[in-house]
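Q: Have a look at this fold, sequence not included:
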C-alpha cells in the first residue's frame, strides 16, 4: 500500500498520508511520496487547489522517530527543493490547505505551516513536540512559525514544546478555520472550492507576491507586485471582471 494517496474531487486534489498505525509519521518513503505528489499537483493544469489530510483521525505526528532510532531517518539535503518531510521546501504555484484532525506536531506542524491555510477540527492540536526528544525543527518551522503567528508566540511554542489546541490555534492565527471533530476535510474542501471558483491567474500571482515579499526589500517587493499585476492585467481578466460587475454580478460581496 502506498503511504501517500491522491484523489481528484473536480479541480481539487485530496492528498492523504496513509500511515494511521504510526499517527501518519513520515518516514523516507512517505517523504518521497509527499514530494512526488505535490510536484505532480503543481504541474497538473486540471487542478487548482490541494487539500492535505491524514488517514484515521491523525494529521501528522512528525518524522518517524522509530525509523530515526534505527538509523533510517529521513534524508536531509542541505540544498534543493526536497525537505526532510518531503514537501516543505517546495514553492508551488497553487495553494494548499491543511485539513487537521488530531495531532499536527513536530514535523507535522512544519508541514501544516507550509500549507497556505489550515483548517483545525475540534480535538486537533499543534506543537513542537520534537522539543522533548532533541530533534530539531528542520523543515522551516523556525522560519514559518514566527511569520505566521509572530515572534513572541512562536518562541513560546519553540521553547516549551507545549500543545496548542484548535481554539487557541485559531485565536493566535495558526489556524484559519475551525471545524467540528471529523469535519476538517469537509470544511477544507468547501474552502478549496471557493478558491477554485475565482479567476486563477490573478489569485495565484497575488499569492506568489505575498510569499515572495518576505525575502525582498520594499522597492523590490513593490517591483515584484507590479510585474505580477501587469502580467495578470495583460490577460484581460480584469476587464472581464469589471464588465461582470457593471452588469450587476458580484455586488455586495456576492460571487
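A: Great, that's in hand. These figures come from a predicted structure and were not determined experimentally. Numbering: from 1, shown residues only.
Q: in which helix or strand would I find residue 212?
A: If you go by DSSP states H and E, residue 212 is part of helix 200-212.
Q: Can you name the residues that contact residue 5?
A: Applying C-beta atoms under 8 Å, 6 or more residues apart in numbering, we find residue 5 in contact with 15, 16, 18. Where you see a C-beta, it was placed from the backbone N, CA and C, and this is true even at glycine.
Q: next one: residue 186
A: Listed by C-beta under 8 Å, 6+ apart, the contact set of residue 186 reads residue 179.
Q: returning to that earlier point: the helix or strand just after the helix holding residue 212 - what's its average pLDDT?
A: The element immediately downstream of helix 200-212 (helix or strand, assigned by DSSP H and E) is helix 218-233. Averaged across helix 218-233, the pLDDT comes to 88.
Q: what separates the most centrally placed residue in the chain from residue 103, distance-wise?
A: Centroid-nearest residue in the chain, with C-alpha atoms, centre = their mean: residue 115, separated by 0.9 Å. Distance of residue 115 to residue 103, given as C-beta to C-beta, to the nearest Å: 15 Å.
Q: what stretches of this structure score poorly on pLDDT?
A: By pLDDT under 70, the weakly predicted segments of the chain are 242, 250-255.
Q: What segments of it are strands?
A: All strands of the chain, identified by DSSP state E, fall at 4-9, 12-17, 49-54, 96-100, 103-105, 117-121, 125-127, 164-165, 177-179.
Q: In a markdown table, list these along with distance to residue 227.
A: Below are those laid out as a markdown table (distance: least, C-beta to C-beta, whole Å):
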| stretch | distance to residue 227 |
| --- | --- |
| strand 4-9 | 33 |
| strand 12-17 | 28 |
| strand 49-54 | 24 |
| strand 96-100 | 24 |
| strand 103-105 | 35 |
| strand 117-121 | 25 |
| strand 125-127 | 35 |
| strand 164-165 | 38 |
| strand 177-179 | 32 |
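Q: quick one: contacts for residue 3?
A: For residue 3, the contacting residues are 17, 18, 19, 27, 29, 30, 33, by C-beta under 8 Å, 6+ apart.
Q: Now tabulate those residues in TSV and tack on distance to residue 139 and neighbour count.
A: What follows is the contacts of residue 3, written out as TSV (distance: C-beta to C-beta, whole Å; neighbours: other C-beta atoms under 10 Å):
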residue	distance to residue 139	neighbour count
17	14	28
18	20	16
19	17	23
27	14	20
29	17	16
30	13	25
33	15	22
